[in-house]
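Visitor: When you get a sec, could you give me coordinates for this:
(chains A and B)
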Amino acid sequence: MSAESISVIKLRGLLLVTVPADPDDRTVSALQERVLEAMAEHESGGLVLDISTVQTLDSFFARTVVETVQMVSLMGGRTVLAGMRANVAVTVTQLGLSMGNTLTALDVDRAIDMLNAEASKGLRV
Amino acid sequence: MNDLQQGEFPIESENDIVSARRLVRNAAVAAGFGLTDVTRIVTAASELTRNIYVHAKSGVMRWRFLKSESKVGLELTFEDSGLGIPNVAKAMEAGYSTGNGLGMGLPGAKRLTDEMTVHSEVGKGTTVVVRKWLTK
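Guide: This next block holds a predicted model:
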């Protein structure tokens, strides 16, 4: 899985990033960079990280995701982590990882609804 | 000779972590583990192969099926000739890291598997063995 395969889609004022299923560490790091660049470039206030195909979320990967959420937050954006599989949720929890205060949603649809609902409340999401 | 039931794989580059995960996934599925256990085993393998790469630069992962009269399982061995761990008990504590990590590797891998042993000698290397049993 190479860094080029990271897809960043602009959708209704938000950015939708599909995380590759089984990325190497370099791709995970590249993902963070791509996301931050895209947030700045598109002046987007919201980010959906679609992790529905991710089968293994180990400590390095999880840490990078949490870091990315914090970085996006510093840039004034909100992130919703969408589609974590049940088996991945079990494993991440037993591994002892905390995803911090990261917003989560069952799927991309609901993640977009969450971000749009906040935007319509007058908050800058 | 590698097959699903046993084999070994050298860990020499970052990309080998991904390959090791795939090998372990295939072996765990072939051993009959369910999806959540497969994910636990693969995640533990990911932590332990990364430990090899980060702390010792290179090493080897071995896997083999375990069979007894009452149960079957999968054993994974992670061996390196790196600097070794001066204080294994400390390394088993969550949040303790000598590298740049979260300190989740060893304690996390222990929680995700049924048995774990760590043998380490300073200056000689480290061997970590984990086992996961399939309860029938």
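Visitor: C-alpha from now on. contacts and neighbour counts both.
Guide: Will do.
Visitor: shouldn't residue A:91 be in contact with residue B:39?
Guide: Yes - if you go by C-alpha atoms under 8 Å, residue A:91 and residue B:39 touch, sitting 6.8 Å apart.
Visitor: and the helix or strand bottoming out on mean pLDDT in chain B, which residues are buried?
Guide: The helix or strand of chain B with the poorest confidence is helix B:88-91; it has a mean of 84 (mean pLDDT, DSSP states H and E). Residues of helix B:88-91 classed as buried: residue B:91 (neighbour count, 16 or more other C-alpha atoms under 10 Å in any protein chain shown).
Visitor: Is there any residue in that helix that contacts chain A?
Guide: No - Helix B:88-91 does not reach chain A (C-alpha under 8 Å from any C-alpha of the partner chain); its nearest approach is 14.8 Å.
Visitor: Average pLDDT for the helix or strand immediately after that helix in the chain, rounded please.
Guide: Note on helix B:88-91: by DSSP states H and E, the next helix or strand toward the C-terminus is helix B:105-112. Helix B:105-112 shows a mean pLDDT of 92.
Visitor: which residues are in contact with helix B:105-112?
Guide: When contacts are defined by C-alpha atoms under 8 Å, 6 or more residues apart in numbering or on different chains, helix B:105-112 is touched by residues A:59, A:91, A:94-96, B:40-41, B:43-45, B:47-48, B:51, B:91-94, B:116, B:130.
Visitor: Let me know the secondary structure of residue A:54.
Guide: Under DSSP: H, G, I helix; E, B strand; the rest coil, residue A:54 falls in the coil class.
Visitor: Double-check it against residue A:22; I have them as touching.
Guide: Yes - counting by C-alpha under 8 Å, residue A:22 is a contact partner of residue A:54 at 6.3 Å.
Visitor: Surely residue B:75 is in contact with residue B:66?
Guide: Yes - taking contacts as C-alpha under 8 Å, residue B:75 lies within contact range of residue B:66: 6.7 Å.
Visitor: quick one: which of the two has more around it?
Guide: residue B:75 (20 against 17; other C-alpha atoms under 10 Å in any protein chain shown).
Visitor: which ones are touching the closest residue to residue A:71 other than its chain neighbours?
Guide: Spatially, and ignoring its direct neighbours in sequence, residue A:71 is nearest to residue A:36 (7.7 Å; C-alpha to C-alpha, 6 or more residues apart in numbering or on different chains). By C-alpha under 8 Å, 6+ apart, the contact list for residue A:36 reads A:68, A:71, A:72.
Visitor: I'd like the mean pLDDT over the helix or strand that contains residue A:26, please.
Guide: Using DSSP H and E, residue A:26 sits within helix A:25-41. Average pLDDT, helix A:25-41: 93.
Visitor: What's the first helix or strand after that helix?
Guide: Immediately after helix A:25-41, counting by DSSP H and E, sits strand A:46-50.
Visitor: Give me the buried stretch members for that next one, please.
Guide: Buried, per 16+ other C-alpha under 10 Å, within strand A:46-50: A:46, A:47, A:48, A:49, A:50.
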